[in-house]
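Asker: The sequence and its predicted three-dimensional model are supplied below.
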Amino acid sequence: MNTSLLKTLAVTTLLAGTFFTGRAALKVDDAFPDLGGFSLEGKLPDTLKGKVVIVDFWASWCGPCKESFPAMNDLQKKYADKGVVIIAVNEDEEKSDMQDFLKANTAGFTVVRDAKQKLVAVAGIQTMPSSFVLDDTGKVRFTHTGFHGETTRKEYEQQIESLLKK
């Protein structure tokens, strides 16, 4: 095969992947979609304008998600008065699975459920947990896949601090 044909096949494959998944995953510098447009179950904050926001995708069956909840609680307590908001988006099919998880793992931050997984699809979530750190204009500034204990918690703190200094 010649180089031109290989390039054409590669581009076609990439475009087909984007077409069939509906959209490429969100990445740094993308505007995060308006949460109000996804029929999420639960109450969202009245406004996110001017706030640094962490949108964290999780599921009840996810072991690292369970480990991340205490860190998210600590971050919410530490930065809430500085305008930081954490929104945990659950993707469980059964609401009872989410409720059972929350009985055992307290959430001191907003929790909503994406029962139809429409936001999950738009965000391109493939790993649990996955999160996006948004600046005060709603743009994705940092992304996380997985939760790696203290290392991830420190990364969140550094990222939040950098966005609050703007």
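Answerer: That came in fine, so what should we check first?
Asker: Phi and psi next, for T47.
Answerer: phi -150, psi 150 (degrees, to the nearest 10).
Asker: Tell me the confidence at it?
Answerer: Here, the pLDDT recorded for T47 equals 91.
Asker: what number of residues lie near it?
Answerer: Using other C-beta atoms under 10 Å, T47 is surrounded by 8 other residues. For the C-beta atoms, the positions are set from N, CA and C on the backbone; glycine is no exception.
Asker: got the contact list for it?
Answerer: Residues counted as contacts of T47 (C-beta atoms under 8 Å, 6 or more residues apart in numbering): none.
Asker: Convert the host helix or strand of Q99 to PDB, retaining C-alpha atoms only.
Answerer: Under the criterion of DSSP states H and E, Q99 resides in helix 95-104. C-alpha atoms of helix 95-104 as PDB (Å, rounded to 0.1, in the frame of the first residue of the first chain):
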ATOM      1  CA  LYS A  95     -31.100   4.100  41.300                       C
ATOM      2  CA  SER A  96     -31.000   1.700  44.200                       C
ATOM      3  CA  ASP A  97     -27.300   0.800  43.500                       C
ATOM      4  CA  MET A  98     -26.400   4.500  43.800                       C
ATOM      5  CA  GLN A  99     -28.500   4.900  46.900                       C
ATOM      6  CA  ASP A 100     -26.900   1.900  48.600                       C
ATOM      7  CA  PHE A 101     -23.400   3.300  47.800                       C
ATOM      8  CA  LEU A 102     -24.300   6.700  49.200                       C
ATOM      9  CA  LYS A 103     -25.600   5.100  52.500                       C
ATOM     10  CA  ALA A 104     -22.100   3.700  53.000                       C
END
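Asker: what packs against the helix or strand following it?
Answerer: Counting by DSSP H and E, the next helix or strand C-terminal to helix 95-104 is strand 110-113. The helices and strands touching strand 110-113, judged by 3 or more C-beta pairs under 8 Å, 6 or more residues apart in numbering; DSSP states H and E, are strand 84-90, helix 95-104.
Asker: which one of these is the most hemmed in?
Answerer: Using mean count of other C-beta atoms under 10 Å, the stretch among the helices and strands packed on strand 110-113 with the largest mean neighbour count is strand 84-90, at a mean of 23.
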